[in-house]
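Enquirer: Need a 3D model of the sequence below.
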Amino acid sequence: MPVEPWSDSALKAVTEKGAAMLNVDMGEVEKQIIESSFDSIGVLQELCKGACLAAGITETVSEKNSIDQIAFNKAVNKKLEDYSGRHIRSLESFSTPFKVKNKDGEVVALFIPYYFVKMLLTLEFDNIVKGIKRDRLHERINELHHRKEGVRSSDISYFLHNIITHQLRNKIKPPLLDYDRSIKTLKIIDSTFYFFLRHADKQGILDDIDNPFESYNDKPQGVLFEK
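Expert: Sure, this is the predicted structure:
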């Protein structure tokens, strides 16, 4: 039985009930906690727990305590640290090239997964939250690609239609992304990945991910692979 996404009102109710039981006031940071949870009750509970611990609250207190911005920031940094290792490894694994055939039947690598990761780490966060439309994704990948305007519509279709398989093949479990063909939109399906993308040093992460094309810069465009 699916239990997510949770509505903001439901997350607010959970926060307020827990705060009352501990005799703490989370009003100053409640909105930020809910926004940073991205409809996930698990992320919300972790942020509430982290903020309370940062404020020195480990049990119900006799006098009401307020959870402030400093405690919230500490909770965010702790969760970012917890999530970063897995998600950075996933992005590195995701960058593994797809192999496709050109019009002559030769197997080539267009490095679309790498350019997709680059797009994901440079796109405005609000656009990611809304879901990335296929046309915008194609346009942005062509802007970034070493073969300007060289990525065909069929290449993008192959990439998107196989995005779950690509993640599983590269041991990204559970998957982070899925493509909805009915509305031609790519979505993040892991709330912790939303949290990670919102708070991480995305440029620093991108700088550390190897550009696969640079390893083949002495070869023709469309690096050949053995069939």
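Enquirer: all contacts plus neighbour counts: C-alpha atoms, from now on.
Expert: Noted.
Enquirer: all strands for this protein, in order.
Expert: Assigned by DSSP state E, the strands in the chain fall at 24-25, 65-66, 99-101, 107-109, 132-133, 177-180, 185-188, 223-224.
Enquirer: I'd like to know which of those has the weakest mean confidence.
Expert: Taking each of the strands of the chain in turn, the one with the lowest mean pLDDT is strand 223-224, at a mean of 35.
Enquirer: Hmm, Met21 and Glu59 touching each other?
Expert: No - under the contact definition of Cα atoms under 8 Å, Glu59 does not touch Met21, with a separation of 9.1 Å.
Enquirer: Roughly how far does Gln45 sit from Asp8?
Expert: Using Cα to Cα, to the nearest Å, one gets 14 Å for the distance from Gln45 to Asp8.
Enquirer: what do you get for Ser84?
Expert: Distance check for Ser84 against Asp8: by Cα to Cα, it reads 25 Å.
Enquirer: same check, this time on Gly131
Expert: When Cα to Cα is applied, the distance between Gly131 and Asp8 equals 19 Å.
Enquirer: What of Tyr83?
Expert: The separation that Tyr83 has from Asp8, given Cα to Cα, amounts to 23 Å.
Enquirer: Check Glu214 too.
Expert: Noted for Glu214: a distance of 45 Å to Asp8, by Cα to Cα.
Enquirer: Can you get me a residue count around the closest residue in space to Met26 that isn't next to it in sequence?
Expert: Ranked by Cα to Cα, 6 or more residues apart in numbering and with sequence neighbours excluded, the top spatial neighbour of Met26 is Ile67, at 5.2 Å. Ile67 sits with 24 neighbouring residues when counted by other Cα atoms under 10 Å.
Enquirer: Show the contacting residues for Ile67.
Expert: Ile67 makes contacts with Val24, Asp25, Met26, Gly27, Glu28, Val29, Ala51, Cys52, Ala55, as judged by Cα atoms under 8 Å, 6 or more residues apart in numbering.
Enquirer: List the residues that contact the closest residue to the last one other than its chain neighbours.
Expert: Closest residue to Ala55 apart from its sequence neighbours, by Cα to Cα, 6+ apart: Ala71 at 5.5 Å. Residues touching Ala71, when contacts are defined by Cα under 8 Å, 6+ apart, comprise Gly50, Ala51, Cys52, Ala54, Ala55.
Enquirer: for the chain, where's the lowest mean pLDDT among helices and strands?
Expert: Counting by mean pLDDT, DSSP states H and E, the chain has its least confident helix or strand at strand 223-224, which shows a mean of 35.
Enquirer: What's opposite the closest residue to Gly131 other than its chain neighbours in the beta bridge?
Expert: The shortest distance from Gly131 to any residue that is not its chain neighbour, by Cα to Cα, 6+ apart, is 4.9 Å, and that residue is Lys187. Judged by DSSP bridges, the bridge partners of Lys187 are Asp178.
Enquirer: Test my guess that Lys187 contacts Leu177.
Expert: Yes - under the criterion of Cα under 8 Å, Lys187 is in contact with Leu177, at a separation of 5.7 Å.
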